[in-house]
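Engineer: output the structure for:
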Amino acid sequence: MHGNGRIKFGCDFVGANGSAAVLGPDIQAFGVGTETYAATVDESGGLLALGTGASDDDNALIRSGPFSPRDGKMVLRARFKYDALTTIAVFCGFAETLDTTTPVVPQEFATATMTYNPGGSVGISYDTDGTTDDFRAGMGDGGAAISDSAQGTRANATLTADLFFEAEIILNEDGSAEVWFGDSGHVDSSGFMRNRMIKRYSTGTLLTPTDLFFAVLMIETRTTAASTLEIDYFTGEAGRDWRP
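Structural biologist: Numbering: from 1, shown residues only. This next block holds a predicted model:
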C-alpha cells in the first residue's frame, strides 16, 4: 500500500454474555490489583463492566494503539457510566506512557491541583480526590501541564449516577487537540446528550506529533472498595503510514 491510510479500532461490546466479556482483537486490558472484565447483561446493546480490585489506587483500563499523530488525525469516542460518583478517578483520552505492570492515571486532580504524570496526554478526567468534583479537560507532557491547562478546564457537567457520559478526544497531526464531552445536564430537544467542546488546544506548546500514544479509558478506586465502570462503547480511528 502507498502513503497514509486510516485504521479503526475499538468495540461496542455487543455479544457479551454472562461473565464472558468481548473486548475485540485490538483492545488490551490490564491494571493494578485484581481487575475484572465482565459483561453487563441487564441493559440493551451490551456493556463491559470494567472493575478494579479492592485496595486503594487499584485500577483497570482498556486501551488500543499505539498510534502517532503525524500519520493522521486520531479520534477516540467512548460512552460510559458509574453507579455512584464517589471515591473514583476516571480518565478518557490519549496517553503516551501506560506501564502494563503498574499503570497510573495520566491526569489526577487532588484538592485543587492537577498532576500530569510523565508522558504526553490529552483527555478528560474525573477525580474525587479534588475538592470540587467535575470532569476536567487537560493536556500535559513530561510531568507538567502544557498549553494553558495547568489545573484543567472544567466541563461544568451534571454529575448523575447511573447515567451515561460521552467523550470524544481528537489529537491532530500537528499536536493540537480538542476535548468534547456530553452529560445528562446538556441535552437537545429530543433528550439526547449534546456533546460540547470543553477545550481546544491550538496555540502554545502542544503534544509532539512524532510520539506514540495509546487510546485509553481507565478507572481507579480511591477507597478500599472495588469500583466498576460500565462502558457502552470504546471506538476510534487513527492514521497509518504505509511507506517503507
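
Engineer: show me the shaky parts of this structure.
Structural biologist: For the chain, the stretches flagged by pLDDT under 70 are 1-4, 15-22.

Engineer: and if we set it to 50?
Structural biologist: Residue ranges of the chain with pLDDT under 50: 1-2.

Engineer: contact partners for the residue positioned nearest the centre of it?
Structural biologist: Nearest residue to the geometric centre of the chain (Cα atoms, centre = their mean): C92, 1.1 Å. Residues in contact with C92 (Cβ atoms under 8 Å, 6 or more residues apart in numbering) are 76, 78, 80, 123-125, 167, 169, 216-218. The way it works is simple: take the backbone N, C-alpha and C, and place the C-beta from them, glycine included.

Engineer: which element is it on?
Structural biologist: strand 88-95 (DSSP states H and E).

Engineer: who does that strand pair up with?
Structural biologist: When pairing is defined by DSSP bridges, strand 88-95 lines up against strand 121-127 (antiparallel), strand 213-221 (antiparallel).

Engineer: turn the ones you listed into TSV, columns for mean neighbour count and distance to A29.
Structural biologist: What follows is those, written out as TSV (neighbours: other Cβ atoms under 10 Å; distance: least, Cβ to Cβ, whole Å):
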stretch	mean neighbour count	distance to A29
strand 121-127	27	18
strand 213-221	26	10
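
Engineer: between the ones you listed, which one is nearest to S176?
Structural biologist: With respect to S176, and counting by Cβ to Cβ, the nearest of the strands paired with strand 88-95 is strand 121-127 at 9.4 Å.

Engineer: related to what we said a few turns ago, how about the strands paired with strand 88-95, which one is nearest R200?
Structural biologist: strand 121-127 (10.9 Å).

Engineer: hang on, the earlier thing: closest one to A110 out of the contacts of C92, please.
Structural biologist: Distances from A110 to the contacts of C92, taken by Cβ to Cβ, are shortest for S125, at 11.5 Å.

Engineer: distance of the closest one from G142?
Structural biologist: Distance, S125 to G142, using Cβ to Cβ, to the nearest Å: 18 Å.

Engineer: quick one: contacts for the closest residue to G10 other than its chain neighbours?
Structural biologist: Of all residues not flanking G10 in the chain, T235 sits nearest, at 3.1 Å (Cβ to Cβ, 6 or more residues apart in numbering). Contacts for T235 (Cβ under 8 Å, 6+ apart) come out as 8-12, 76-78.

Engineer: parallel or antiparallel, which strands does the helix or strand where T235 lies pair with?
Structural biologist: Using DSSP H and E, T235 sits within strand 228-241. Strand partners for strand 228-241, identified by DSSP bridges, are recorded as strand 4-11 (antiparallel), strand 47-51 (antiparallel), strand 74-81 (antiparallel).

Engineer: right, and G236 touches G65 too?
Structural biologist: No: the criterion here is Cβ atoms under 8 Å, and G236 misses it with G65 at 9.3 Å.

Engineer: quickly list what's touching both of the two.
Structural biologist: With Cβ under 8 Å, 6+ apart, G236 and G65 have common neighbours 9, 215.

Engineer: quick one on the thing from earlier: now render the contacts of C92 as TSV, adding distance to A150.
Structural biologist: Shown next, in TSV, are those (distance: Cβ to Cβ, whole Å):
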residue	distance to A150
L76	23
A78	25
F80	26
G123	16
I124	16
S125	14
A167	21
I169	19
V216	22
L217	24
M218	22
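
Engineer: returning to what we had before: for the residue nearest to G10, name its beta-bridge partners.
Structural biologist: G10, R77.

Engineer: how close does it sit to F9?
Structural biologist: 7 Å.

Engineer: cool, G204 as well?
Structural biologist: Applying Cβ to Cβ to G204 and F9 gives a distance of 29 Å.

Engineer: neighbour count: the two, which is higher?
Structural biologist: F9 (20 against 11; other Cβ atoms under 10 Å).
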